[in-house]
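Novice: I would like to see how this sequence folds:
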Amino acid sequence: MAGLTPAEKLVLLALVNESDYKHRCALSNVHLGERVGLAPETISRAIRSLSKHGLVISHRRFNNSSVRTVVIDNLS
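Specialist: Purely as a prediction, here's the structure:
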């Protein structure tokens, strides 16, 4: 997790904490932001960065929301 900002680390931990047994989290940026005390825009930036680092994969769903999958193998 070297090279991540504090906000990115916080969002990653929140995603892991809220994930199901398949490591998927369907909380919106608004709900994630409420849980960790960050603005939805900050959540969005952090998720984009985590995706670039290969730690999170975002899947767009049918109703304009996303499911994020945490890539556990890349956390070490």
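
Novice: Tell me the helices and strands packed up against the helix or strand bottoming out on mean pLDDT in the chain.
Specialist: Lowest mean confidence among the helices and strands of the chain (mean pLDDT, DSSP states H and E): strand 66-70, at a mean of 82. Under the contact criterion of 3 or more CB pairs under 8 Å, 6 or more residues apart in numbering; DSSP states H and E, the helices and strands touching strand 66-70 comprise helix 6-18, strand 24-25, strand 56-60. (Each C-beta comes from the backbone N, C-alpha and C, glycine too.)

Novice: Please point out which parts of the first one sit buried.
Specialist: This points to helix 6-18. 7, 8, 10, 11, 12, 14, 15, 18 (16 or more other CB atoms under 10 Å).

Novice: contacting residues around the fourth one?
Specialist: Looking back up the chat, that one is residue 11. With contacts defined as CB atoms under 8 Å, 6 or more residues apart in numbering, the neighbours of residue 11 are 32, 36, 38, 43, 46, 47, 50.
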